[in-house]
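Undergrad: give me a model of this one.
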Amino acid sequence: MTIDKKQAKNNSCPVCGSRISANATRCLVCGTNLQGQPDKQTPKTDIQSPKMPSVTLNLPLAIGLVIVLLAIGAGVVYAFLNQTGMVVEPTVTVTASSTATITVTPTNTLTPTLQPTNTPLPDIEYVVQANDDCLSIAFLFNVSVNSIISKNNLSATCNNLVVGSTLLIPQPTPTASPQPTATLSEVDATEAACTKLDYTVSSGETLSSIAANYNVSIESIKEWNAITSDVVYEGQTISIPLCERLPTAGPTPTATLPPPYQAPNLLLPVDGAPFTNANDTISLQWASVGTLRDNEAYAITVEDVTGGEGRKIVQYVTDTKYIVPASFRPNDTIPHIIRWTVVAVRQTRTGTDGQPVYEPAGSVSTPRTFIWWANVSATPTP
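TA: Numbers count the residues shown, from 1 in each chain. Prediction:
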């Protein structure tokens, strides 16, 4: 037998909340009338699952974030590998190239040629005798009066000699023999024989104008100066070969001044030579400086230094010697120092008196002196 048990539906009092039966009309606890009250139903609440937050990004920004994240990741990985020594820096390998070896060619060392040296000779001691004077002593030892005066600090007139005193007589220095000179080749001899003029190019001048001025071909100037073109510049120094002048046709052009002559080399008499006799002939001689032109000569200047009165002779000759006139001989009783020089001169014009006017055409020679005294016996005894 089946017994169906029905459980009564229980409700609660809306006032006190006490449990009451479903069919009760009044609450047994608080006495509330339950008739006419609608059934209180609990509203249903929709239960929804929690919603996750979402972020919306556009495409360019998303790409940029990806690149930044990749860069940060790459940096972190590189730093880690670098600290652990796992990153190896590439090593640059230098390939050695072959270097040319310079071979130094030994040069020949020139051995200098020893020149003979002049050894000065010791002075000679001489005791002054009665009736001695500087001129006779110089003639005795073949030295100049000036050397005796300078060596012993005597007066210029040499009138303070004391009998019995000792004089130092300097001996003449021997002259070394000249060394032999090398023989020039044919080319060098030709070049040495050619007269050349060193010319400095001025502003506005050309090679053709210079060649025309000196009547020399352009090719000759280029050849002598090793010039490959016809261009010259201001301030350039070139050599003009006067020996290759072209033949002149027609009127003679204005003569160009030749280069200056060298100083003449004086030959005789020797420096300081004494002349004591009244009838001595003094012939001055010198070496030629070259072939003189028609308007050139030598100017000889003879001056009495001791006289101090401006006694001087200037003569012009074309020969290489000159005889001093006897009228220039001193007339007093003391030795006179006579100085003479020679220089090449060139006539430039004619003076108002009809005489030629000369100008120096070279350097003056080194002066020489000689002693001229015509009356030795009149020398006072010191």
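Undergrad: low-confidence regions, the stretch 201-350 of the chain specifically.
TA: 248-255, 307-310 (pLDDT under 70).
Undergrad: let me see the ranges of the strands in it.
TA: For the stretch 201-350 of the chain, applying DSSP state E, counting those that start in this stretch gives strands covering 237-241, 266-268, 273-275, 283-286, 296-304, 312-317, 321-323, 336-350.
Undergrad: pipe those strands into JSON lines and attach distance to residue 144 and mean neighbour count per row.
TA: For every residue, glycine as well, the C-beta is placed using N, CA and C. Below are the strands of the stretch 201-350 of the chain laid out as JSON lines (distance: least, Cβ to Cβ, whole Å; neighbours: other Cβ atoms under 10 Å):
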{"stretch": "strand 237-241", "distance to residue 144": "43", "mean neighbour count": "16"}
{"stretch": "strand 266-268", "distance to residue 144": "14", "mean neighbour count": "15"}
{"stretch": "strand 273-275", "distance to residue 144": "7", "mean neighbour count": "20"}
{"stretch": "strand 283-286", "distance to residue 144": "16", "mean neighbour count": "17"}
{"stretch": "strand 296-304", "distance to residue 144": "17", "mean neighbour count": "20"}
{"stretch": "strand 312-317", "distance to residue 144": "21", "mean neighbour count": "14"}
{"stretch": "strand 321-323", "distance to residue 144": "21", "mean neighbour count": "14"}
{"stretch": "strand 336-350", "distance to residue 144": "10", "mean neighbour count": "19"}
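Undergrad: and of those strands, who's closest to residue 196?
TA: Among the strands of the stretch 201-350 of the chain, the nearest to residue 196 by Cβ to Cβ is strand 237-241 (4.6 Å).
Undergrad: now for the closest one, which elements pack on it?
TA: Strand 237-241 sits against strand 196-200, helix 207-214, helix 218-225, with contacts defined as 3 or more Cβ pairs under 8 Å, 6 or more residues apart in numbering; DSSP states H and E.
Undergrad: picking up where we left off before, rebuild the strands of the stretch 201-350 of the chain as TSV, extending it with distance to residue 82.
TA: As requested, these are exported to TSV (distance: least, Cβ to Cβ, whole Å):
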stretch	distance to residue 82
strand 237-241	73
strand 266-268	97
strand 273-275	105
strand 283-286	99
strand 296-304	98
strand 312-317	104
strand 321-323	106
strand 336-350	95
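Undergrad: picking up where we left off before, let's have the helices and strands packed on strand 237-241 in a markdown table, adding distance to residue 329 and mean neighbour count.
TA: Listed next are the helices and strands packed on strand 237-241 as a markdown table, based on distance: least, Cβ to Cβ, whole Å; neighbours: other Cβ under 10 Å:
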| stretch | distance to residue 329 | mean neighbour count |
| --- | --- | --- |
| strand 196-200 | 44 | 13 |
| helix 207-214 | 49 | 16 |
| helix 218-225 | 53 | 16 |
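Undergrad: quick one: which of those is nearest residue 324?
TA: Closest of those to residue 324 is strand 196-200, at 36.6 Å (criterion: Cβ to Cβ).
Undergrad: hey, C-alpha coordinates of that closest one in PDB?
TA: Provided in PDB are the C-alpha atoms of strand 196-200 (Å, rounded to 0.1, in the frame of the first residue of the first chain):
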ATOM      1  CA  LYS A 196     128.500  87.000 -72.200                       C
ATOM      2  CA  LEU A 197     126.300  89.700 -70.600                       C
ATOM      3  CA  ASP A 198     124.100  89.000 -67.600                       C
ATOM      4  CA  TYR A 199     120.800  90.900 -68.300                       C
ATOM      5  CA  THR A 200     117.800  91.300 -66.000                       C
END
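Undergrad: ranges for the strands of the stretch 51-200 of the chain?
TA: 124-127, 166-169, 196-200.
Undergrad: got the contact list for the closest residue to residue 244 other than its chain neighbours?
TA: For residue 244, ignoring the flanking residues on the chain, the nearest one in space by Cβ to Cβ, 6 or more residues apart in numbering is residue 220 at 4.5 Å. The contact partners of residue 220, by Cβ atoms under 8 Å, 6 or more residues apart in numbering, come to 211, 241, 244.
Undergrad: name the nearest residue to residue 370, sequence neighbours excluded.
TA: Counting by Cβ to Cβ, 6+ apart, the nearest residue to residue 370 once its immediate chain neighbours are dropped is residue 273, at 4.7 Å.
Undergrad: from residue 314, how far off is that neighbour?
TA: According to Cβ to Cβ, to the nearest Å, residue 273 and residue 314 sit 22 Å apart.
Undergrad: list the residue ranges of the stretch 51-200 of the chain that fall below the pLDDT cut-off.
TA: Using pLDDT under 70, the stretch 51-200 of the chain drops low at 51-57, 85-119, 173-191.
Undergrad: show me where it has helices.
TA: Counting by DSSP state H, counting those that start in this stretch, the stretch 51-200 of the chain has helices at residues 59-83, 134-141, 145-152, 186-193.
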